[in-house]
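Enquirer: Give me a 3D structure for the following:
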Amino acid sequence: MSRALILILYGVLCSASHAAAQYPDKPIRMIVVSSASGSTDMVARSVARALGDSLGQTVVIDNRPGGGGIIAAEMTAKARPDGYTLLMTNTSHAVQPSLHAKLPFDPNKDFAAVSLVALTHSLLMTHASIPVKTVKELIDLAKAQPGKLNYASGTNGSSAHLGTELLKLMAGVNIVRVPYKGTAENLNALLSGEVQMSFVTLPAILPHISGNRVRVLAIGGLRRIARLPAVPTLAETLPGYDIGTWHGVLAPAQTPQALLQRLSTEIAKMPKNPEYRDQAAAQGLELVGSTPQELDAYIRTQMARFSKIVKATGLRAD
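Expert: This next block holds a predicted model:
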């Protein structure tokens, strides 16, 4: 029995090694938690092109927005762990466990980390028709007209949603949420004046900053950014305020470590490639490229952080 078991295990290991050596021999599917044109989609398409070039196989983008990333995450969790299904996720992945008492997957056990790909900034924006030019003026207006201002939020757990709720909590104001399906719809609502304000990621808003329809009030992170040096941070008005957005690649749990490492290694080449680095900078993104272990630790830290924010704001999706 022992000899038979050893032979079986040897056969399995040889089969896995052979599969890793042949990988990939067919197109890879990358499920994206957002709709097209948002910052997560931009990152996904860059990664798809980079992996396609380095692995010699097509990486097909599959946008599955909705549910704050839950729809896309569930599809990934249930996929075969063979390296042919990947998930491009973002900050919402670390938020959903705190928003929901139950999810159709285990966020810690049903995924394997691949790489933290990019970081970007969330900007507090207002429609140009709103008579405010600073965060303080916005807060004063909201206090003078409680419940009169509204904001576009994207899906539950998005930076637009959590960012504004944290602003409301810290500033002590009442601003009404108007939820939208994703970044594109969120942005269109702001540009058209359907809503008065929103948090929008830098890549999505860049083409519109120089226009006359919206106004940038503040950066959501703790430090000012070189791209917009005159724009203050929210923390300069509300000390300790910090909301940003990250983008990372996950795979189904039990995906072979050899495949995870290979994918991570290829993605980590992107920040060193002038073409991808310059393209990302032009889009308002900072490429990272981490190991699977670094992304796993980062997500767990983010989950703990957002758990405190969700608890403080009193948000629950169910």
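Enquirer: okay, now the domains of the chain?
Expert: 26-119+244-313, 121-236 (automatic domain parsing).
Enquirer: Could you dump these into JSON lines with mean pLDDT and mean neighbour count added?
Expert: All C-beta atoms are positioned from the backbone trio N, CA, C, and that covers glycine. Output for the domains of the chain, formatted as JSON lines (pLDDT from 0 to 100; neighbours: other Cβ atoms under 10 Å):
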{"stretch": "domain 26-119+244-313", "mean pLDDT": "95", "mean neighbour count": "20"}
{"stretch": "domain 121-236", "mean pLDDT": "92", "mean neighbour count": "19"}
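Enquirer: Make sure residue 204 is actually in contact with residue 41.
Expert: No: with contact defined as Cβ atoms under 8 Å, residue 204 and residue 41 do not form a contacting pair (9.5 Å).
Enquirer: Could you pull out the residues contacting both of the two?
Expert: Counting by Cβ atoms under 8 Å, 6 or more residues apart in numbering, the common neighbours of residue 204 and residue 41 are residue 183.
Enquirer: All the helices of the protein, in order from the start?
Expert: With helices called from DSSP state H, the chain shows them at 2-22, 39-55, 70-77, 92-99, 135-144, 159-171, 183-192, 202-205, 257-267, 274-282, 292-313.
Enquirer: For the fifth one, which outside residues touch it?
Expert: Right, helix 135-144. 124, 126, 130-132, 148-149, 171-175, 197, 217-218, 232, 234, 236-238.
Enquirer: The second one too?
Expert: By Cβ under 8 Å, 6+ apart, the surrounding residues in contact with helix 39-55 are 24, 28, 30, 32-35, 57-61, 63, 88-90, 117-118, 120, 183, 201-204, 245, 247, 249, 263, 266-267, 269-270, 273, 276, 279-280, 283-285.
Enquirer: Can you tell me which of the residues you listed end up in strands?
Expert: 28, 30, 32, 59-61, 63, 88-90, 117-118, 120, 201, 245, 247, 249, 285 (DSSP state E).
Enquirer: Nearest to residue 212, out of the helices of the chain?
Expert: Nearest of those to residue 212, taken as Cβ to Cβ: helix 183-192 at 10.9 Å.
Enquirer: could you say what helices and strands that closest one packs with?
Expert: helix 39-55, strand 111-127, strand 150-152, strand 197-201, helix 202-205 (3 or more Cβ pairs under 8 Å, 6 or more residues apart in numbering; DSSP states H and E).
Enquirer: how many degrees apart are the first one and helix 257-267 in direction?
Expert: It refers to helix 39-55. 110 degrees (axes from the mean of the first three to the mean of the last three Cα atoms, to 10 degrees).
Enquirer: quick one: helix 39-55 to strand 111-127, angle?
Expert: 140 degrees.
Enquirer: Just the CA atoms of helix 39-55, as CSV, please.
Expert: Backbone C-alpha positions of helix 39-55 (Å, rounded to 0.1, in the frame of the first residue of the first chain) are rendered in CSV as follows:
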residue,chain,number,x,y,z
SER,A,39,-9.2,52.5,-13.3
THR,A,40,-9.5,48.8,-12.5
ASP,A,41,-10.3,48.1,-16.1
MET,A,42,-7.3,50.2,-17.2
VAL,A,43,-5.0,48.2,-15.0
ALA,A,44,-6.5,44.9,-16.1
ARG,A,45,-6.0,45.7,-19.8
SER,A,46,-2.3,46.7,-19.2
VAL,A,47,-1.7,43.5,-17.3
ALA,A,48,-3.5,41.4,-20.0
ARG,A,49,-1.2,42.9,-22.7
ALA,A,50,1.9,42.5,-20.6
LEU,A,51,1.1,38.8,-19.7
GLY,A,52,0.1,38.1,-23.3
ASP,A,53,3.4,39.4,-24.6
SER,A,54,5.5,37.5,-22.0
LEU,A,55,3.5,34.2,-21.9
